[in-house]
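Engineer: this is a predicted model, with the sequence first.
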Amino acid sequence: MSISLLSLSTFPGGLSRLLQGVSLLGLLLLLLKAAQLYLHRQWLLRALQQFPSPPSHWLFGHKQEFYKDRELQQILKRVEKFPSACPRWLWGSKVLFQVYDPDYMKVILGRSDQKARDVYRLVTPWIGHGLILLEGQTWFQHRRMLTPAFHFDILKPYVRLMADSVQVMLDKWENLIDQDTPLEILEHVSAMTLDTMMRCAFSYQGSGQLDRNNHSYIQAIGNMKLQLFSRLRNAFYQNDIIYGLTPAGRRALHTCQIAHQHTDRVIQLRKVHLQEAGELEKVRGRRHLDFLDILLLAQAESGSTLSDQDLRAEVDTFMFAGHDTTASGISWVLYALATHPEHQQRCREEIQSLLGDGTSISWEHLDQMPYTTMCIKEALRLYPPVPVITRDLSKPITFPDGRSLPKGISVSLSFYALHHNPKVWPNPEVFDPSRFAPGSTRHSHAFLPFSAGSRNCIGKHFAMNELKVAVALILLRFELLPDPSRVPIPMACIVLTAKNGIHLHLKKLG
């Protein structure tokens, strides 16, 4: 190093020429990158030329068109103008091909395209490579391993556990309600569904709704969703190193750590219980196993490839997906019923005739509330818990109308826009449970609250059971009334949430 510095100082202008050379090299690399991005943008423009969209800025894309809290509403405007699908430019050479037609959905979901890497890689620090993010043979093995956890024989006794969790929440509501002050229900419902998940899938004893660690976890999940939502839409946050150096990146890392501490604690508690009680052999001998026991048994078996990292990834994935999406679904169903009192009362009368004034609800009851089920499905149509998923096309695709796309395009499947598409659902903004009356017909891919195809939601029956249990028991205890001063604004933060919360007035019955 001293020789190099001496040489530079010996020859006048040596350091200056070196700096000029570095500058020229940097400029050349910058020009090459700019050329690469330009050529990629031109390729995308040609690839998408069959699909018109509103004019976009060459650098900022459609950013001015989409506001953070009105994104879903803006997509619905496109649905009316552009049939089936429409490109949305995020910035420069970054575009998402938005789909909201059932025929298009059927073609895409019937393939085996990978999850969009640019989108889902941002979630990896949080939930790892669990069932949502796995691909290929590894995904197939994990899916096959976990499917028995959702066997009917496993789900039946869960109904009682779900009811117990709901009753804890309702008892809390009785102490909190004020005729003049609405209650923000999403936070409470999230605590309840997490409690249910802990009891059912992770064999947790006691009430998680009273556990401060659970409340910290729920808050962390809410923060994480907002952080990911912001990062996805910021071109400067796409690089992991740059993002990690920003205040936003450091906050996201801290949030991840809180979530991981919670799941590590759940795993450790179950391991300790099995070891102390000497129950691992009993678990091995059972015909049907809970979710976490399946994972722990797979890890304990000789030759198992389920590492500690794999174990935590699956627990992180299921802990989030199993409670947060269901909490969203229940909260929006309650809001829909609050704003449609005639349907709410009809559901209540159906439930009262089935259960009386008591709160005992069983597996057999769940198939005996047809009108309540119709209302739940109609609310899930209006407010799908997972509003969008993405795929990267691994090979060219041709749609039923003859239009096509090449390999490499990122596709955004907007279930929210599909469910509000007037060509699919007449008068889509009207809450009409008769759309789901027995004997009604619709396109196989018109209603996708749990996605479709081989990668549909593994826990859809668990979620629907919990929805029915929660709605039934809530309607037996309370009348639901909306808060006209705070109409919730739907936001697609991975899971459908509300920018300003979901506030309802609760009136105790009886």
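Structural biologist: Happy to help now that I have it.
Engineer: quick one, grab the pLDDT at residue 72.
Structural biologist: We have a pLDDT of 91 for residue 72.
Engineer: isn't it up against residue 497?
Structural biologist: No - with contact defined as C-beta atoms under 8 Å, residue 72 does not count as touching residue 497 (11.0 Å). (Glycine included, C-beta is placed from N, CA and C.)
Engineer: now do the shared contacts for these two.
Structural biologist: Listed as contacting both residue 72 and residue 497 by C-beta atoms under 8 Å, 6 or more residues apart in numbering are 490, 491.
Engineer: so between these two, which is more surrounded?
Structural biologist: residue 497 (26 against 19; other C-beta atoms under 10 Å).
Engineer: quick check: mean pLDDT of the strand or helix carrying the more buried one?
Structural biologist: Element membership for residue 497 (DSSP states H and E) is strand 495-498. The average pLDDT within strand 495-498 is 94.
Engineer: got it, and stretch 248-264?
Structural biologist: Computed over stretch 248-264, the average pLDDT equals 92.
Engineer: with stretch 415-428 instead?
Structural biologist: What stretch 415-428 shows for mean pLDDT is 97.
Engineer: distance between the ends of it?
Structural biologist: 13 Å (C-alpha to C-alpha, to the nearest Å).
Engineer: tell me which residues in that stretch are buried?
Structural biologist: Within stretch 415-428, the residues that count as buried by 16 or more other C-beta atoms under 10 Å are 415, 416, 417, 418, 419, 420, 421, 424, 425, 428.
Engineer: so for stretch 28-41, mean pLDDT?
Structural biologist: pLDDT averaged over stretch 28-41 gives 88.
Engineer: i'd like the first residue to be 51 from this point on
Structural biologist: Okay, residue one is now 51; in that scheme the one you just asked about reads as stretch 78-91.
Engineer: next, the buried residues of it.
Structural biologist: Going by neighbour count (16+ other C-beta under 10 Å), the buried part of stretch 78-91 is residue 91.
Engineer: pLDDT at residue 276, what is it?
Structural biologist: pLDDT, read off for residue 276, is 86.
Engineer: excluding chain neighbours, what is closest to it?
Structural biologist: residue 543 (5.9 Å; C-beta to C-beta, 6 or more residues apart in numbering).
Engineer: count of residues packed around the one you found?
Structural biologist: 22.
Engineer: who are the contact partners of it?
Structural biologist: Counting by C-beta under 8 Å, 6+ apart, residue 543 has contacts 275, 276, 278, 279.
Engineer: any idea how far residue 226 is from it?
Structural biologist: Distance of residue 543 to residue 226, computed by C-beta to C-beta, to the nearest Å: 26 Å.
Engineer: helix or strand right after the one helix or strand residue 441 maps to?
Structural biologist: Element membership of residue 441 [criterion: DSSP H and E] is strand 438-442. With elements assigned by DSSP H and E, the helix or strand that comes after strand 438-442 is strand 447-448.
Engineer: now do that next one: distance to the chain's middle.
Structural biologist: 27 Å (C-alpha atoms, centre = their mean, to the nearest Å).
Engineer: mind giving me the packing neighbours of that strand?
Structural biologist: strand 454-455 (3 or more C-beta pairs under 8 Å, 6 or more residues apart in numbering; DSSP states H and E).
Engineer: hmm, who's touching the strand it packs on?
Structural biologist: Contacts for strand 454-455 (C-beta under 8 Å, 6+ apart): 97, 98, 100, 147, 443, 446, 447, 448, 461.
Engineer: which one of those has the most neighbours?
Structural biologist: residue 147 (24 neighbours).
Engineer: okay, and the beta partners of the residue nearest to it when sequence neighbours are not counted?
Structural biologist: Spatial nearest neighbour of residue 147, chain neighbours left out: residue 461 (4.8 Å); criterion: C-beta to C-beta, 6+ apart. Beta-bridge partners recorded for residue 461 (DSSP bridges): residue 147, residue 441.
Engineer: right, and residue 461 touches residue 146 too?
Structural biologist: Yes - if you go by C-beta under 8 Å, residue 461 and residue 146 touch, sitting 7.5 Å apart.
Engineer: what residues are shared contacts of the two?
Structural biologist: residue 440.
Engineer: that older thread, note down every partner strand of the strand holding residue 547 and its orientation.
Structural biologist: strand 540-543 (antiparallel).
Engineer: dump the partner strand to CSV, restricted to CA.
Structural biologist: Only the C-alpha atoms of strand 540-543 are listed here, as CSV (Å, rounded to 0.1, in the frame of the first residue of the first chain):
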residue,chain,number,x,y,z
PRO,A,540,-60.1,-1.6,3.0
MET,A,541,-56.4,-1.9,2.5
ALA,A,542,-54.5,-4.8,0.9
CYS,A,543,-51.6,-5.2,3.4
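Engineer: and that strand, how far from the chain's centre?
Structural biologist: 10 Å.
Engineer: repeat that for stretch 396-408.
Structural biologist: Distance, centroid of stretch 396-408 to centroid of chain: 32 Å (C-alpha atoms, centre = their mean).
Engineer: next one: stretch 500-520
Structural biologist: 13 Å.
Engineer: can you pull the buried residues of that stretch?
Structural biologist: Buried, per 16+ other C-beta under 10 Å, within stretch 500-520: 500-502, 505, 507-509, 512-520.
Engineer: keeping just the C-alphas, turn that stretch into CSV.
Structural biologist: Only the C-alpha atoms of stretch 500-520 are listed here, as CSV (Å, rounded to 0.1, in the frame of the first residue of the first chain):
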residue,chain,number,x,y,z
PHE,A,500,-59.1,-19.5,-0.3
SER,A,501,-57.5,-19.4,-3.8
ALA,A,502,-57.7,-22.6,-6.0
GLY,A,503,-55.6,-25.2,-7.6
SER,A,504,-53.0,-27.4,-6.0
ARG,A,505,-51.8,-24.5,-3.9
ASN,A,506,-55.1,-23.5,-2.4
CYS,A,507,-55.4,-22.8,1.3
ILE,A,508,-54.6,-26.0,3.3
GLY,A,509,-56.6,-24.6,6.3
LYS,A,510,-59.7,-23.5,4.5
HIS,A,511,-62.0,-26.0,6.4
PHE,A,512,-60.5,-24.9,9.7
ALA,A,513,-61.1,-21.3,8.8
MET,A,514,-64.7,-21.8,7.7
ASN,A,515,-65.5,-23.7,10.9
GLU,A,516,-64.0,-20.9,13.0
LEU,A,517,-66.0,-18.3,11.0
LYS,A,518,-69.2,-20.1,11.6
VAL,A,519,-68.5,-20.7,15.3
ALA,A,520,-67.5,-17.1,16.0
